[in-house]
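# Got a predicted model here, sequence first, then my questions.
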Amino acid sequence: MAVPPIQRSPNAHSAGPTARVRFPWLLDSVLGLLIIVALPLAMLAIPNTVSVVSGLLPEGFDKLALMRAHGLALPAMILTVPLAAVALRHVKVPHMLLGGLTVLALADVAGGFAGSTFLVATLRVLHGIGAGLLIPATLVAAWERSMALRAIWTGMLAFSLLTAQALALWPLDQVSDWKITLQPYPLLTGIALALAAVYFVVWLLQGQPPMPSPRAAERSRLLLASVPAVGISVVAISTASEEWGPGLVILLAVLAVVALLVMASFGGREGRTLAYVMVAVGIVLLPSLAQITYVEMRGLGGPGMTGLWIPFVVAGVLGLASAIAVRLFAGARWLAPMGLLAMVVGLCSVRVLVPAADGLVLVIPFTLLAAGAAVALTSALSQSGIGAALFGLALCFPGVLAGYLLATGVQLMMLRGVTVAQQLVDRFVGTLHLWSLIGGFLVVAVIVLAELLSRRAAPADEADEADEADEAAEPTGGDSGRSPSSAPSPDADGHSASSVSSGTSTGADVGVEAAEGGSAAETAVPTVRSRRSERRGSPMAVDALEVPAQPAAGAEDRPAGAIPRVPVSPDSSGAADRNVASVEGVGEVTGPVPPVPPQAQSPEDTTP
């Protein structure tokens, strides 16, 4: 009498070769330092600060044309980010990091020789391209390293957006040459380039660990994200070139925000949440801090840059610590809206505390904005794959430009008809307060929109994920089942298609196949297939269990050949709790299938 064994499929994480890193702490340490230096350096390309030193321009320079040329860095950046994310499929991440920093270094060196508006425009475009290469490359480099590295990336992104305007203005205090706007921190660029070279050497010595890359459908969405980026760039350049009224500028900015939110609605539930968070952070954070920084300058009664560095440092440290804490200890999905709500509270505090003669009180709004953005980004990023992360990143910086457009329209509306200096100061402060109100309502609208669409689309997403899991688990040719000994092939992120993120199943689709008549060699094996929905990011793989079927009526008349088996999938606790309909030729199974199947009756044991 033969007792069929229980056979298990290999664990999903054992499938596929993995690179062996001898000293992972060395690679992580160098990469962490590179992220801390490179992200603020990339954000420094965004602010347009040449108007602050317009009095130092030589004769013959068209000041308005120079301001327009200086503002070309952000449009160049938002067009480069999605293209660089797609190019990472063919270009190694260390190569892109070195390339982006080399472009920034060359632009800094050439900035000292700028003598025309055309050359300024060229160098600012190069700054935008270099920054656009750095941002997705650092994210992909940190994606599959230690848990803290991804939190450092999100924390530094929030901190860099918070301090970009202040860092760009800091070197302009009491300068004698306007060209400093084209090379604000050449030493920082050199340090980042040296760290990138060290990272490249360590990466080579460690055997070139593989980097994740988006799949084909995700690359198509990244290319699609460049469409609103082009539109918003054209609108921004046209706004700077034409004398459009504030009403038209505000209308175009609102349409740009709506287009970004529509684009963020594409993809799965977790990807949508991250895209909404990226758009909200991009629209609100840097445009708000740019206005706060200008209002707090000494000429408007504020403490100046020397009084702002303590609030910025405290906010940056707390934001970074919040991101690491979320990544290491929590990571729950509800933290994303809570982080956005913290940003709303920070914007409300701006209306109460700004302007402030004492810079220390600004710790409150700065910390709320930095920590809220870091928590929201870290929580949303931990629920997403690399393709969704790059897609959200491709929407973040068009959001920054759309926020600048909306803030400019509001400012033009508030400053209309101003003739007195004190009235000008009051209108600047009033513009900041009105913008804080608009930004707060916009973030609340994004929270509500994300929750509503996520709840409505959750059942459809789970069904799609279940279908994708079944398609990945079943063989491509024929109707026969997969061999239990064959390991599932990993996807682009290195995980198996049959991995799940929790032990709960959301439903089962049971398909029954039965064969009738024929000889024992021609009789098909009746099977019961159970489907489980897949969730992302799971370390647990579903093992296949083979249970012998009870012999059907008339089985004693057949040769005692191969015993038919019914493969079922166990749940996370190991018990296969599935109700199976009656199958022709198998009999009726109504209760739960036990983990260890009973011994099947052999046809030789039947009494005639």
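That came through fine. Just so we're clear, the structure is a prediction, and the values are computed from it rather than from any experiment. Residues are numbered from 1 along each chain as shown.
# What pLDDT does the model give the most centrally placed residue in the chain?
The chain has Ala389 as the residue nearest its centroid, 2.3 Å off, counting by CA atoms, centre = their mean. We note a pLDDT of 93 for Ala389 in this prediction.
# OK, contacts around it?
139, 143, 274, 381 (CB atoms under 8 Å, 6 or more residues apart in numbering). C-beta coordinates here come from the backbone N, C-alpha and C atoms, glycine included.
# neighbours of Leu368, just the number please.
Residue neighbour count, defined by other CB atoms under 10 Å, stands at 23 for Leu368.
# roughly how far apart are Phe159 and Gln291?
18 Å (CB to CB, to the nearest Å).
# Compare these two (neighbour count), which wins?
Neighbours were tallied for Phe159 and for Gln291 using other CB under 10 Å; the higher tally belongs to Phe159 (26 against 23).
# May I have the predicted confidence score for that one?
Phe159 is given a pLDDT of 95.
# part of a strand, is it?
No - per DSSP: H, G, I helix; E, B strand; the rest coil, Phe159 lies outside any strand segment and is helix.
# So for it, what's the nearest residue that isn't a sequence neighbour?
Gly316 (4.1 Å; CB to CB, 6 or more residues apart in numbering).
# which SS class is the one you found?
helix.
# what residues are up against it?
159, 162-163, 370.
# Would you agree Leu412 is in contact with Ala253?
No - taking contacts as CB atoms under 8 Å, Leu412 lies outside contact range of Ala253: 11.2 Å.
# Between these two, which is the more surrounded one?
Applying other CB under 10 Å to Leu412 and Ala253 shows that Ala253 carries more neighbours, namely 25 against 18.
# ok but Val279 is inside a helix, no?
Yes - counting by three-state DSSP, Val279 is found in a helix.
# That one reaches Gly399, doesn't it?
Yes - Val279 lies in contact with Gly399 (CB under 8 Å); the separation is 4.5 Å.
# Between the two, which contacts overlap?
With CB under 8 Å, 6+ apart, Val279 and Gly399 have common neighbours 257, 260.
# Flag every buried residue along stretch 423-436.
Burial within stretch 423-436, assessed by neighbour count using 16 or more other CB atoms under 10 Å, is assigned to 425, 427-429, 431-436.
# Closest one of the contacts of Ala389 to Met77?
Leu139 (14.5 Å; CB to CB).
# list the contacts for the closest one?
153, 389-390, 393.
# Which ones among these lie within helices?
Within the contacts of Leu139, residues falling in helices by DSSP state H are 153, 389-390, 393.
# Using CSV, please lay out those residues together with distance to Arg219.
Formatted as CSV, these follow (distance: CB to CB, whole Å):
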residue, distance to Arg219
Trp153, 21
Ala389, 13
Leu390, 9
Leu393, 14
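# Low-confidence regions, this structure specifically.
1-22, 267, 270, 299, 330-331, 455-608 (pLDDT under 70).
# In the stretch 151-300 of the chain, what residue spans correspond to helices?
For the stretch 151-300 of the chain, the helices defined by DSSP state H, counting those that start in this stretch occupy 186-205, 216-241, 246-264, 269-295.
# Please work out which of the ones you listed is packed deepest.
helix 269-295 (a mean of 26; mean count of other CB atoms under 10 Å).
# between that one and helix 216-241, how many degrees?
Computed with axes from the mean of the first three to the mean of the last three CA atoms, to 10 degrees, the direction of helix 269-295 lies at 20 degrees from that of helix 216-241.
# now Thr367, nearest residue through space, not along the chain?
Counting by CB to CB, 6+ apart, the residue nearest Thr367 is Ala315, at 4.5 Å.
# any idea how far that neighbour is from Ser322?
From Ala315 to Ser322 the distance is 10 Å (CB to CB).
# Mutual contacts of the two, please.
What both Ala315 and Ser322 touch, as defined by CB under 8 Å, 6+ apart, is the set Ala371.
# related to what we said a few turns ago, pipe the helices of the stretch 151-300 of the chain into JSON lines and attach distance to Leu31 per row.
What follows is the helices of the stretch 151-300 of the chain, written out as JSON lines (distance: least, CB to CB, whole Å):
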{"stretch": "helix 186-205", "distance to Leu31": "6"}
{"stretch": "helix 216-241", "distance to Leu31": "23"}
{"stretch": "helix 246-264", "distance to Leu31": "28"}
{"stretch": "helix 269-295", "distance to Leu31": "22"}
